[in-house]
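In: sequence? don't have it. structure:
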């Protein structure tokens, strides 16, 4: 989906009987955000389908689990490639990278079907979808600037990653429990913050010649928020049933 470039002064008048005026820029921004969410959902579908296929095929999941770290490193490479190339690559190239990354992520996430039953995964998904939707709506409509709390959340995320790595060696179940709840809290804040950041930045993105690149950028950010939120919620529900 492509958008026309509009200046802030340009408006279109419709419904002449009521004299209703709509800002072109707001309409284009709405289309931009809609495209971001659509691209994110498309990536989530690719991830879910690839995870389900691998998770229900013994030969496939044995192969991918045996090479888990190789695929995990490849995933990070694709994320860095998309982020670093957002202003260098064409939209088609970025879209291909995003599609491949979404499928790769599904391959590594296929292990959840070996650890959790399908009903629990579905419950975690719907809880995540509701939480993500609510937080994203807050970020879109709230007038308060979330920049400060968003930056704090990013610093906390760094601490969360470090603590999680340390706990791989400690295997402290109580710390793991704390980290799971902290992860949910951090990514609910980041979902709201990233949504507001994309909305505010959308006015700048609309002036870009190739806006599809920024659609992919926004979709990637929200996709990562959703996936991480889902995994932390799934772990909490899984431990609650143990």
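Out: Perfect, thanks for sending it. From a predicted model like this one, the values you see are computed outputs, not experimental measurements.

In: quick one: low-confidence ranges for the protein?
Out: Residue ranges of the chain with pLDDT under 70: 1-24, 203-210, 240-242.

In: how about the helices in it?
Out: 24-55, 58-66, 68-84, 91-109, 112-115, 118-141, 147-170, 173-205, 212-241 (DSSP state H).

In: Take these and lay them out in TSV including mean neighbour count.
Out: (Each C-beta comes from the backbone N, C-alpha and C, glycine too.) Shown next, in TSV, are the helices of the chain (neighbours: other Cβ atoms under 10 Å):
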stretch	mean neighbour count
helix 24-55	19
helix 58-66	13
helix 68-84	14
helix 91-109	20
helix 112-115	15
helix 118-141	16
helix 147-170	13
helix 173-205	19
helix 212-241	21
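
In: And for residue 188, nearest residue in space, chain neighbours not counted?
Out: residue 135 (4.9 Å; Cβ to Cβ, 6 or more residues apart in numbering).

In: hang on, residue 194 packs against residue 219?
Out: No. Using Cβ atoms under 8 Å as the test, residue 194 is too far from residue 219 to be in contact (10.9 Å).

In: how close does the residue nearest to residue 188 sit to residue 115?
Out: Going from residue 135 to residue 115 by Cβ to Cβ, to the nearest Å gives 26 Å.

In: Then residue 228?
Out: Separation of residue 228 from residue 115 (Cβ to Cβ) stands at 17 Å.

In: And for residue 195?
Out: 30 Å.

In: and if you look at residue 75?
Out: Going from residue 75 to residue 115 by Cβ to Cβ gives 19 Å.

In: Could you do residue 46 as well?
Out: Counting by Cβ to Cβ, the gap from residue 46 to residue 115 is 21 Å.

In: got a list of what the residue most central in space within the chain touches?
Out: Using Cα atoms, centre = their mean, the residue of the chain that lies closest to the mean C-alpha position is residue 223, 1.7 Å off. Contacts of residue 223 were listed using Cβ atoms under 8 Å, 6 or more residues apart in numbering, and they are 40, 43-44, 102.

In: from these, which two are the most distant?
Out: 40 and 102 (9.7 Å; Cβ to Cβ).

In: Might one say that residue 75 is in contact with residue 108?
Out: Yes. With contact defined as Cβ under 8 Å, residue 75 reaches residue 108; the gap is 6.6 Å.

In: so who does the nearest residue to residue 224 once chain neighbours are set aside touch?
Out: Distances taken as Cβ to Cβ, 6+ apart place residue 79 nearest to residue 224, at 7.8 Å, with adjacent residues excluded. Contacts for residue 79 (Cβ under 8 Å, 6+ apart) come out as 101, 220, 224.
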